[in-house]
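Q: Sequence first, predicted coordinates after that:
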Amino acid sequence: DALTPVANPGSAILTESKCLPLIWNSLNIPLRAWPQYLPETRKPSRAPWRTDDAWLLKTAFCNTGDSVSARSLLSKKEWQRRTWDIWLHPTQWIAQRRFGCLSVCTPPGPMFPCIGIFTIDGRACGAYGRLSPKPHIDYSAIDVAVLIENDSPEKLS
């Protein structure tokens, strides 16, 4: 019912897919930042996620952590459901090495942050932030403002 149409460009099918790291080596283009900062990513069939909790799984177009799956994050029943889905639809899932995140002090107590950058034509144009009381950032995380301090006088005028 919105008056402003919103759409991703067709190229987003490649750049927004969590599967992109699976084809980096065959792209023959230099990638410096993503491989350096993104956790190791593999096809589910090439990662020990069934026996090693250092790996989690997510769907290729996971949004706000809605499909992030690891045995320690889900009930036994939900884990079994996800395992079947991964087995039945392996190309829709990726395995990613888990990483730790440090909490920050907030008035309600320690929270785990997630910061993201919005881009237009490859240039940063904004940021978003989310906080969660647990190290796993998912759909239940709290949206927060991201403020950037600019203490350079010449830039303020």
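A: Perfect, thanks for sending it.

Q: so how far is stretch 28-35 from its chain's centroid?
A: Relative to its chain's centre, stretch 28-35 lies at 18 Å (C-alpha atoms, centre = their mean, to the nearest Å).

Q: helices or strands up against the longest helix seen in the chain?
A: Criterion DSSP state H: the longest helix present in the chain is helix 76-88. When contacts are defined as 3 or more C-beta pairs under 8 Å, 6 or more residues apart in numbering; DSSP states H and E, helix 76-88 packs onto no helix or strand at all. C-betas here are computed from N, CA, C, even on glycine.

Q: The helix or strand following that helix versus helix 76-88: what angle between them?
A: Using DSSP states H and E, the helix or strand that follows helix 76-88 in sequence is strand 93-97. Relative orientation of strand 93-97 versus helix 76-88 (axes from the mean of the first three to the mean of the last three C-alpha atoms, to 10 degrees): 120 degrees.

Q: which regions of the chain sit below the pLDDT cut-off?
A: Applying pLDDT under 70 to the chain flags the ranges 1-2, 152-157.

Q: okay, now the residue nearest to residue 71 when sequence neighbours are not counted: neighbour count?
A: Once flanking residues are discounted, residue 71 sits nearest to residue 79: 5.4 Å by C-beta to C-beta, 6 or more residues apart in numbering. Number of residues near residue 79 (other C-beta atoms under 10 Å) recorded here: 15.

Q: And the strands in this protein?
A: 41-42, 55-59, 93-97, 112-120, 123-132, 142-144 (DSSP state E).
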